[in-house]
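Here is my input; please provide its structure:
(2 chains)
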Amino acid sequence: MTTDLTRLTIHELTAAYRRRETTPSEATAAYLARIEKLDGQVGAYLTVTRDRALTTAGAADARYRDGAPLGPLDGVPLAYKDVLCTRGVTTTCGSRILEGFVPPYDATAVARLAAAGAVMLGKTNMDEFAMGSSTEHSAFHPTRNPWDLDRVPGGSSGGSAAAVAGGLAVAALGTDTGGSVRQPAAFCGIVGFKPTYGRISRYGLVAFGSSLDHIGPLTRDVRDAALVLHAIAGADAHDSTCVDEAVPDYARLLEGGVGGLRFGVPREYFGAGLEPEVEAAVRAAIARLRDLGATVEEVSLPTTDYGLAVYYIVAPAEASSNLARYDGVKYGLRAPGGKDLIDMESRTRAAGFGAEVKRRIMLGTYALSAGYYDAYYGRAQKVRTLVRRDFEAAFTRVDLLVGPTTPSVAFKLGEKADPLAMYLNDVFTVGGDLAGLPALSLRCGFTAAGLPIGLQLIGRPFDEPRLLRAAYAYEQATDWLSRRPSLEATR
Amino acid sequence: MISRQDVEQVARLARLHLSDAELERMREQLDAILAYIDKLRELDVEGVEPTSHAVPLVNVMRDDEVAPCLPQETALANAPDRAGEFFRVPRIIED
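Numbering: from 1, shown residues only, chains lettered A, B, ... in the order given. Below is the predicted model:
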């Protein structure tokens, strides 16, 4: 076998399994060897589950030998963001406060992938409790971008994105609360897909902002995103916020092109702050969609500029409540020397949380405290309604929205020391979370310096099939995927 | 403008021990973030219903049935300190 197994997509790899050209064990071993060799530079993983991966892969080998694989994900090596609970495997959320925490159950998304035969390679690095846009806020180590190791992979699902881009996992799961799947996907030049709020069960996802948290796949191409979504979407008795909607076989609905689809280009996504090279690539991609038969018109989302302000009230407010559970009693860290219960809790949280998490807990507690609730949280929730209405109005005229995923390409480690400057990264992605809409980022070009650029598509609630079809049509009509980062050559 | 006393009070509510230097730095950073968030005041939200959730789900009901739950030993397995069947915490009742 001459093909480098670590370059294949899910569907290419399983096709090779079915043709008996390779086996899940061979592919898993190839990934584990590459992780051992290269993850010291990238830092994508917090935990590598080597033995378990080889055992799971061995079981998949037998199914392919018998001609009876479980489905399109059987024997596929995947990585999971360390915010998803994995039974018997440490889950830290990138935080000292959960260092050594071993969950007693699997997240539903993880359990469904395991039932589909997927092989878990390990748990990926992230900004602590998913709060950040660079993966520099991990309590353990930063993750680096496989396209340029001096640059961040984005965040908070930076470990997952870097693993997929760097050939350290075929695909991965991440989570998106303000852009944390799409922004790292854009920075790493892969597909990042956040489906509709309620499409995927969040049971076993450690909560950050419950009205905003979404699970989503990070993959090498659009077909892979469709395959992973199909495996994990759908109602779950363990999560009452997961919607009981039929789950179509997304991968069978990819063909058909963009002919007749109406795309809206939000005027506000092309304002000041958008890097010229990003704008040029995105405009070229939109022109390409038109060439492919789509109609394109300008639309307006007037409250775009307010979305971030809404997000930085709502998400910290929910986080301050969700993170109250880390009290040094039930699991995780307990700091020594507490004089009484409150002192013990306050010491534990001071020692266990990093600066960004503390900042957001403080901000959220303040926004919810007596006397400020109406001015901040109450007002933010009302503006959230206005943000949602903007999208609803646009979707009466068009089927999909198209624009940049991020204002810039990957920045350098340490470049965004000011918290607000970091927050501004999410300006085009938060809207999708506030309104709960399906949104996807895919590669649409490179800067002169060779950094990938992300194109964002946003759809109507539960209209994932149309969103995926449009993304697939663009991907098939372009040749961006032929370029790969070359980690071996960099150091 | 958020005051030093406000920050101390919020830190108490949030159960976070912050040093003097941390309190001052937090005050400055919260001030900058809140100044940015103040742009929400530019919009007229009179009569606008708040959105707490992006999908219109209310009162998802299920039958009240007995089902398996975590065994006690499993639930206690991650405790930083325990005494028999209990989580142990510092004394909260005076002698």
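
What helices and strands are in contact with whichever strand or helix holds A:Ala231?
Here A:Ala231 sits within helix A:222-232, counting by DSSP states H and E. Counting contacts by 3 or more Cβ pairs under 8 Å, 6 or more residues apart in numbering or on different chains; DSSP states H and E, helix A:222-232 is packed against helix A:10-18, helix A:108-115, strand A:171-176, strand A:191-194, strand A:214-219, strand A:439-446, helix A:464-477. For every residue, glycine as well, the C-beta is placed using N, CA and C.

tilt between that helix and helix A:10-18?
On the basis of axes from the mean of the first three to the mean of the last three Cα atoms, to 10 degrees, helix A:222-232 is oriented at 80 degrees to helix A:10-18.

Identify the residues contacting the next helix-or-strand element following helix A:222-232?
Moving toward the C-terminus from helix A:222-232, the next helix or strand (DSSP H and E) is strand A:262-266. Contact with strand A:262-266 is made by A:286, A:289, A:294-301, A:304, A:394, A:397-403, A:470, as judged by Cβ atoms under 8 Å, 6 or more residues apart in numbering or on different chains.

And stretch A:353-361, by the same measure?
For stretch A:353-361, contacts defined as Cβ under 8 Å, 6+ apart pick out A:95-97, A:127-129, A:131-132, A:137, A:139, A:315-316, A:319-320, A:323, A:326, A:349-350, A:419, B:14, B:16, B:18, B:22, B:26, B:29-30, B:33.

how far does it sit from the chain's center?
With Cα atoms, centre = their mean, to the nearest Å as the basis, the distance from the averaged C-alpha position of stretch A:353-361 to the chain average is 21 Å.

just to revisit the earlier point, let's see which of the contacts of stretch A:353-361 end up in helices.
Using DSSP state H, the subset of those located in helices is A:315-316, A:319-320, A:349-350, A:419, B:22, B:26, B:29-30, B:33.

on that earlier part again, possible to save the helices and strands packed on helix A:222-232 as a markdown table with mean neighbour count, mean pLDDT and distance to A:Arg87?
Shown next, in a markdown table, are those (neighbours: other Cβ atoms under 10 Å in any protein chain shown; pLDDT from 0 to 100; distance: least, Cβ to Cβ, whole Å):
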| stretch | mean neighbour count | mean pLDDT | distance to A:Arg87 |
| --- | --- | --- | --- |
| helix A:10-18 | 20 | 98 | 24 |
| helix A:108-115 | 22 | 98 | 8 |
| strand A:171-176 | 29 | 98 | 15 |
| strand A:191-194 | 32 | 98 | 25 |
| strand A:214-219 | 30 | 98 | 17 |
| strand A:439-446 | 27 | 98 | 30 |
| helix A:464-477 | 22 | 98 | 28 |
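
Next, the contact list for the residue of chain A found nearest chain B, please.
The nearest approach of chain A to chain B comes at A:Gly436, 2.6 Å away (Cβ to the nearest Cβ). By Cβ under 8 Å, 6+ apart, the contact set of A:Gly436 is A:196-198, A:214, A:461, B:54-55.

got it, and A:Lys123?
A:45-47, A:49, A:79-82, A:84, A:86, A:89-92.

Am I right that it falls within a strand?
Yes: if the criterion is DSSP: H, G, I helix; E, B strand; the rest coil, then A:Lys123 is within a strand.

Bridge partners for it, pull those for me.
In this structure, A:Lys123 has beta-bridge partners A:Thr47, A:Tyr80, where bridges are defined by DSSP bridges.

okay, now B:Thr74: neighbour count?
By the criterion of other Cβ atoms under 10 Å in any protein chain shown, B:Thr74 has 11 neighbours.

Find the helix or strand that the residue of chain A closest to chain B is a member of.
Under the criterion DSSP H and E, no helix or strand holds A:Gly436.

Please enumerate the strands of chain B.
Taking DSSP state E, the strands of chain B run over residues B:82-83, B:86-87.

on contacts alone, who are the packing partners of the first one?
Pointing back at strand B:82-83 there. Applying 3+ Cβ pairs under 8 Å, 6+ apart, we find strand B:82-83 packed against no helix or strand.

Which neighbours in the sheet does that strand have, and how are they oriented?
strand B:86-87 (antiparallel).

Figure out how far the strand it pairs with is from the centre of its chain.
23 Å.

just to revisit the earlier point, ramachandran angles for the residue nearest to the residue of chain A closest to chain B when sequence neighbours are not counted?
Nearest in space to A:Gly436, with sequence neighbours left out and distances taken as Cβ to Cβ, 6 or more residues apart in numbering or on different chains, is B:Ala54 at 2.6 Å. With angles defined as degrees, to the nearest 10, B:Ala54 sits at phi -80, psi -20.
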